[in-house]
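Trainee: coordinates only, no sequence provided:
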């Protein structure tokens, strides 16, 4: 049993982690103390744990999470259920009788976490029902959507400002990965947060290498293919600006012997889900998607994120590029843009009728143009954009600071020649990971195959069974008992009980197979 008020014990029990990441423990303590909070934490920083853990520690009470995507809600609920934390959702994916059952269980205090969309939350019948639910606090995920100055403003989020008057005694916590100072102030004002604790993590991701190239003529395709052949390991995300470009790019890659899957809004739900799952479980390395892809995706070993057009804003680019290198190891973020992208963005801004929306869109346009045209350090530009002042003049991890990959070196040389890098002090960037031995690679594939099979049998995503980082730790530690398995990060009590014996069997079979192979070699 988890001892009351002991976040570390809960962290070990449910998540199987021995320590918190930076800032997580302070956020958990603040929420457990009943404070309003505004949390800005980059993609991959562990935001969801910050509100899920207080919920897990509060039996008989429910944390209500406002989330914009049905798929994201479903994944979160599946993961929490696997960990032994009761969670539910109410959205259009459930029929009426199923929704009624969830609503009744929520009134009975059976869920630690409950997920709703912003559209559903503001319905009069929803607000009346929630008055009967034992609410602990509210979580607004993707909170930048409430601000007209945010890069993904959604009018439905504006209605969330009624929460304060409807539930005056319940704390509200806003979470987002990308918000400028202006947007942060707007979030606090719109949600009427009361003297909130503010937690703002650094926006500097030193393991990411930002490379920006303006592509003339047909050079974009050539650079894309050249890039893909230089990332033989790990997963890759390619962002294309339109559905037509997604399909065209998948076709191009297949013609060149590069397997990939597509992801966009016009695909039927099952195909989109299957393609995402094939990529998540490493059946296919490359996923080509529109900006519809990625929200809530937790795939650690993404080695490259490639954009084939100019993003609408620095926030959008930062969020999407930030899906690379979530394991803390080096990843490349390539922005291969063309002049026509700028013209297209300007055209769409011209179609906007709302003057405030149009002004915000033009501001974002000029910011992203400055980002790609400037010869200032890319990491520094991003930090400054979000109101963070770096203490270093050069990052050592972008094309401007002389860190282009070898396959682009020749093209970059003339440009870099005129820049004075000698006196700049580069910020540290993690070293590239050492290549795993053949045995570890073979074991990793065995465990992935076991994970794929089990996920298929249970009709859940592979990452819900076990995250890539936990799988890599298994390969490294090779536990031989349940007690040793509990020491592997990511293996809480419930996951160990559910899958531990099967995992130990896979490891044992792998070891005995190696031993037989070694003995046969000696006899030979």
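Mentor: Good, I have the coordinates. Here the structure is a predicted model, which is why all the values come from computation and not from measurement. Residues are numbered from 1 along each chain as shown.

Trainee: mind listing what residue 488 touches?
Mentor: Contacts here follow CB atoms under 8 Å, 6 or more residues apart in numbering; on that basis residue 488 touches 16, 470, 473, 474, 477, 479. Quick note: C-beta positions are derived from backbone N, CA and C, even for glycine.

Trainee: if you set the cut-off to 10 Å instead, what comes out?
Mentor: Taking CB atoms under 10 Å, 6 or more residues apart in numbering, we find residue 488 in contact with 16, 466, 470-474, 476-479, 495-496, 500, 503.

Trainee: quick one: it from residue 25, how far?
Mentor: 21 Å (CB to CB, to the nearest Å).

Trainee: just residue 49 next, same as before
Mentor: Counting by CB to CB - residue 49 and residue 25 are separated by 10 Å.

Trainee: those two: which is more packed in?
Mentor: residue 49 (19 against 16; other CB atoms under 10 Å).

Trainee: you'd agree the more buried one is in a strand?
Mentor: No - counting by DSSP: H, G, I helix; E, B strand; the rest coil, one finds residue 49 to be helix, located in no strand.

Trainee: list the residue ranges of the protein that fall below the pLDDT cut-off.
Mentor: By pLDDT under 70, the low-scoring segments of the chain are 1-5, 295-296, 409-439, 514-524.

Trainee: domains in it, as residue ranges please.
Mentor: 7-200, 208-417, 438-517 (automatic domain parsing).

Trainee: what helix or strand is residue 336 located in?
Mentor: Secondary structure from DSSP states H and E places residue 336 in strand 331-337.

Trainee: one step back: may I see the ChimeraX selection of the buried members of the contacts of residue 488?
Mentor: Remark: buried members of the contacts of residue 488, expressed as a ChimeraX selection using 16 or more other CB atoms under 10 Å:
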select :16,466,470,471,472,473,474,478,479,495,496,500,503
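
Trainee: who are the contact partners of residue 140?
Mentor: Listed by CB under 10 Å, 6+ apart, the contact partners of residue 140 are 38, 64-68, 118, 121, 146, 157, 160, 163, 172-176, 187, 190-191, 193.

Trainee: mind checking which of these are in helices?
Mentor: 118, 121, 157, 163, 187, 190 (DSSP state H).

Trainee: give the burial count for the first one, as a bare number.
Mentor: What that stands for is residue 118. Using other CB under 10 Å: residue 118 sits among 21 other residues.

Trainee: how near is it to residue 68?
Mentor: Distance from residue 118 to residue 68, by CB to CB: 7 Å.

Trainee: what is in contact with these two at once?
Mentor: 140, 141, 142, 145, 154, 156, 157.

Trainee: surely the fourth one and residue 153 touch.
Mentor: So the one you mean is residue 145. Yes - Residue 145 is within contact range of residue 153, at 6.3 Å (criterion: CB atoms under 10 Å).

Trainee: between those two, which has more neighbouring residues?
Mentor: residue 145 (23 against 20).

Trainee: would you confirm that residue 92 contacts residue 74?
Mentor: No - contact between residue 92 and residue 74 fails when scored by CB under 10 Å: they sit 11.6 Å apart.

Trainee: between the two, tell me which one has more neighbours.
Mentor: Per other CB under 10 Å, whichever of residue 92 and residue 74 has more neighbours is residue 74, with 19 against 10.

Trainee: which stretch of helix or strand covers the more buried one?
Mentor: helix 70-82.

Trainee: other residues contacting the helix or strand just after that helix?
Mentor: Following helix 70-82 in sequence order, the next helix or strand is strand 87-89 (DSSP H and E). If you take CB under 10 Å, 6+ apart as the criterion, strand 87-89 is touched by 52, 55-56, 62-63, 65, 67, 70, 72-74, 76-81, 94, 98-99, 101-103, 105-106, 110-117, 120.
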